[in-house]
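Build me a model from this:
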Amino acid sequence: RRRHRPSARDYMFFTLLSTFMPAASALTLGGYTFTTSVGDTWATLDLQLASMSNASRAQDWSATLAAYEDTATSPGVSLASLLPTVNSNGPSHPLASATAAYWSDALHGDALVRAAIGGTGEVANWDASSRREILTKAAAYEVVRQHIMYRLRKGIDACNAGASGVADWEIGYALHAGSLEGTDGSGSGKSTYALGDKRCPQFDTCVAGTRIATNNQKALDAWQSGVTALAATNCFTALTASETILAQLTVPLVQGMVREAYEVDPNGGAATADGVVEVAEGWAFTTAILPQIAMCNASIAQLIRTNMALSLDGANGAHVASGFRVVKSAIESQYPCLKITCADVGGMLASGAPIAGMEPCVDGAGSLPPAAPAPAAVPSPPIPECPSSSGIIIVLIVLLVLALVALVALALCMLCRKGGGESKEFSGITMNRT
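Numbers count the residues shown, from 1 in each chain. Just a heads-up that it's a prediction; the model follows:
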């Protein structure tokens, strides 16, 4: 039998079909559809974050370290290799530079992960649950987050050099979402995307009618805008998009920090919280954003650090000594500098209702740490109203008339005095009358 030879009409049909059907290899994670193949490799790093979490829950610290250093799921790449790559030729983006300067250690996140795994350094006297919270959060929110920003900056530098930076931006999104989030972001991830979705129902910051965090949606929009700009070699637009991404990835870290401050404070939610592990969680969130805060205001950063830092005394140390309201107000005062808003962060809820002292702030209100109450004001005496301009003119005329009258009176007085003197002078002369 003769084989059917495709006609021109057949070729046209298949051409149109391929135009309207997405490529079978296209990967979508957290709402973003990749245009390169990098997502398949880099997104699986969240499996290592999951392995670290599981192994540390079982207190298998050797397996936890192995998961951190493992390169099996992503050939040639491990979580432990991310920060050294960022800093291989010196800090490569503003967040890396701020981190290196603030902690005097460009690899601070890596050092904190290893200290928590080994139970050494500042984590030495903390229990297993606290160590687990610190190592998992430091790996995701310091190590991975810094590498995300490194990739965005690398893409912009490539654009400035006339090359394509799209692949680096897509590596960044693969790390942000991870393979466990699923196509629409409704999965159970372990990276920076998952934190936003975890916090949004607690702070009323989910996209209306969904469980997707508004900060994740804003970050996705900025990523898509930046990739489009890079493809068109519009490097400056990509740069502004990267600043939006950093700001939006900061939002759930701020939410986490103020939430733990509230739950640690005896005058807040400590009575119903999980105990000292909340201190460890709060410190893990805080360490990720302290360099950014310090770049805005070093004094505010020190105030927050003093309240949130781990104590070498462990559970017996003093934590959130100034109170959660001071910590909350302090970070709120830096929102404009961090390029986030009160609406971005929202207010913490309990059973769907606002918590006293944790309500959303108001943008533009200039929130600052509460000061000591001012002494009662002493009433000031009433200030007389200033006369109108017409009243002033009348007063001046009256004064001028009085001055003229006084001058006339003075002149007459002088004349009278002169006349009286002459009569006296001649009074002794006898005048003959005829």
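
State the distance from the residue nearest to A273 when sequence neighbours are not counted to P94.
Excluding the flanking residues, the one nearest A273 by CB to CB, 6 or more residues apart in numbering is E263, at 3.8 Å. (C-beta placed from N, C-alpha, C; glycine too.) As for E263, its distance to P94 is 31 Å (criterion: CB to CB, to the nearest Å).

and the helix or strand containing L290, what other elements does it pack with?
Secondary-structure assignment from DSSP states H and E places L290 in helix 277-296. Packed against helix 277-296, as judged by 3 or more CB pairs under 8 Å, 6 or more residues apart in numbering; DSSP states H and E, are the following elements: helix 94-103, helix 108-118, helix 128-138, helix 235-264, helix 298-308, helix 335-338.

what angle sits between the helix or strand just after the third one and helix 277-296?
Using DSSP H and E, the helix or strand that follows helix 128-138 towards the C-terminus is helix 145-160. Between helix 145-160 and helix 277-296, the angle comes out at 30 degrees (axes from the mean of the first three to the mean of the last three CA atoms, to 10 degrees).

Show residues contacting whichever helix or strand comes after helix 145-160.
Using DSSP H and E, the helix or strand that follows helix 145-160 in sequence is helix 166-177. Here helix 166-177 makes contact (CB atoms under 8 Å, 6 or more residues apart in numbering) with 29-30, 32, 34-36, 38-39, 41-43, 45, 144, 147-149, 151-152, 154-155, 158, 185, 189, 191-193, 219, 223, 226-227, 230-231, 238, 249.

what's the neighbour count on A58?
Other residues near A58 number 11, with proximity taken as other CB atoms under 10 Å.

ok, now T120?
The local packing count at T120 equals 11, with neighbours defined by other CB under 10 Å.

which ones are touching it?
Taking CB under 8 Å, 6+ apart as the definition of contact, the neighbours of T120 are R114.

Quick check: phi and psi at it.
Backbone torsions of T120, given as degrees, to the nearest 10, read phi -120, psi 180.

can you put the helices and strands packed on helix 277-296 in a markdown table and add mean pLDDT?
A markdown table is the format used below for these (pLDDT from 0 to 100):
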| stretch | mean pLDDT |
| --- | --- |
| helix 94-103 | 94 |
| helix 108-118 | 98 |
| helix 128-138 | 97 |
| helix 235-264 | 98 |
| helix 298-308 | 97 |
| helix 335-338 | 98 |
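
Which helix or strand contains L195?
Of the helices and strands defined by DSSP H and E, L195 is found in helix 192-203.

Which residues does that helix contact?
Contact with helix 192-203 is made by 30, 140-141, 144-145, 148, 175-178, 180-181, 185, 188-189, 205-206, 211-216, 219, 249, 251-253, 255-256, 259, 345-349, as judged by CB under 8 Å, 6+ apart.

Now a ChimeraX select for only the buried ones of those residues.
Of these, the buried ones can be selected in ChimeraX as follows, counting by 16 or more other CB atoms under 10 Å:
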select :30,140,141,144,145,148,175,176,177,178,180,181,185,189,205,206,212,213,214,215,216,219,249,251,252,253,255,256,259,345,346,347,348
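
what's the following helix or strand past the helix holding L195 in contact with?
Helices and strands here follow DSSP H and E; after helix 192-203, the next one along the chain is helix 214-231. By CB under 8 Å, 6+ apart, the list of residues contacting helix 214-231 from outside reads 30-32, 35, 152, 155-156, 159, 164-166, 169-170, 172-173, 176, 185, 193, 196-197, 200, 205-207, 235, 237-238, 241-242, 244-245, 248-249, 251-252, 344.

Which among those count as buried?
Judged by neighbour count, with 16+ other CB under 10 Å as the criterion, the buried members of these are 30-32, 35, 152, 155-156, 159, 165-166, 169-170, 172-173, 176, 185, 193, 196-197, 200, 205-206, 235, 238, 241-242, 244-245, 248-249, 251-252, 344.

hmm, back to that, just to check, the residue nearest to A273 is in contact with G269?
Yes. Here E263 lies in contact with G269, judged by CB atoms under 8 Å, at a distance of 4.6 Å.

hang on, S53 packs against G189?
No. With contact defined as CB under 8 Å, S53 does not count as touching G189 (11.5 Å).

Common neighbours of those two, please.
In terms of CB under 8 Å, 6+ apart, S53 and G189 are not both contacted by any residue.
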